[in-house]
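S.K.: pasting a predicted model and its sequence here:
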Amino acid sequence: MSVAVLAVVAVAAVGLATTVVNWLLAHWWLLLIMIVFAALATIGWWQQRAQRVQWEQARARALRYGLAQLDGLSHRQFEHAVRDLMYRDGCTDAVQVGGQGDLGADVKATDPQGRRWVLQCKHRRHGERGAAVGTPELQVLNGTGRPVHKADIVVMVTNGRITQPGRIFARQQRLHLIDRQLLGSWAAGSRPLWELLPALPPPRKPSRLS
């Protein structure tokens, strides 16, 4: 593009801008109305957003599951239920990530104290009568929970049973277990998971109650 063409374009742009400014000065009241409408629209949007957040928080606080209800879920639905329970407890970033290539993590979340949680979910259609979670499954979780997913707290969740060798291995490796009994208390109650599990690492940041 030649210098002459650029000069013409620049002059035209300046002329257009001058015309717009002059028009706005002559019709300042119209500009004021537009600003007022924009402000009202912004306020309305924020009010709707705040209302949605309040509704979501109220729904989360009321979330409860019975064991029979959890038994009737599919494996993927069980992962979503665990995610929703973590959200209920205050983990606003709780996400379901289970699937092919999940490397042992089905749910990830950060609690209000800043600790990173990684949970693996083992759903048993027949509940306590289903196959028990054993050492091999826990070894997989132990191999990825901290090294790969950088978790502070690594958890195995099942609506079934956990073998005694698996429990011993979990204690040795600082893995936390949620078996059927503890799951029932957590899902049907209102206490956050970190109040139900022993020997958790210290918070990464001060809590609102400290």
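M.R.: The structure has been received and is ready for your questions. Residues are numbered from 1 along each chain as shown.

S.K.: residue 131: what's it in contact with?
M.R.: Listed by Cβ atoms under 8 Å, 6 or more residues apart in numbering, the contact set of residue 131 reads 124, 160. Glycine gets a C-beta too; all of them are placed from N, C-alpha and C.

S.K.: that one and residue 177: what is the separation?
M.R.: Residue 131 sits at a distance of 16 Å from residue 177 (criterion: Cβ to Cβ, to the nearest Å).

S.K.: lowest average confidence, helix or strand, in the protein?
M.R.: In the chain, no helix or strand scores lower on mean pLDDT, DSSP states H and E than helix 28-61, which sits at a mean of 67.

S.K.: what is the helix or strand just after that one packed up against?
M.R.: Next along the chain after helix 28-61, taking DSSP states H and E as the criterion, comes helix 67-71. Counting contacts by 3 or more Cβ pairs under 8 Å, 6 or more residues apart in numbering; DSSP states H and E, helix 67-71 packs against helix 180-188.

S.K.: list the buried ones in the helix it packs on?
M.R.: Neighbour-count burial for helix 180-188 flags 180, 182, 183, 184, 186, 187 (criterion: 16 or more other Cβ atoms under 10 Å).

S.K.: the first one and residue 126 touch, don't they?
M.R.: No: using Cβ atoms under 8 Å as the test, residue 180 is too far from residue 126 to be in contact (11.3 Å).

S.K.: now for those two: what residues contact both?
M.R.: In contact with both residue 180 and residue 126: residue 160, using Cβ under 8 Å, 6+ apart.

S.K.: residue 98 belongs to a helix?
M.R.: No: Residue 98: not assigned to a helix; according to DSSP: H, G, I helix; E, B strand; the rest coil it is coil.

S.K.: look up phi and psi at it.
M.R.: phi -70, psi 150 (degrees, to the nearest 10).

S.K.: skipping adjacent residues, who's closest to it in space?
M.R.: Once flanking residues are discounted, residue 98 sits nearest to residue 106: 3.3 Å by Cβ to Cβ, 6 or more residues apart in numbering.

S.K.: for residue 99, give me its contacts.
M.R.: Neighbouring residues of residue 99 by Cβ under 8 Å, 6+ apart: there are none.

S.K.: how is the chain partitioned into domains?
M.R.: As given by automatic domain parsing, the domain ranges for the chain are 3-60, 67-195.

S.K.: what's the end-to-end length of the longest one?
M.R.: Length of domain 67-195, first residue to last, Cα to Cα, to the nearest Å: 20 Å.

S.K.: residue 12 falls within a helix, correct?
M.R.: Yes: assessed by three-state DSSP, residue 12 belongs to a helix.
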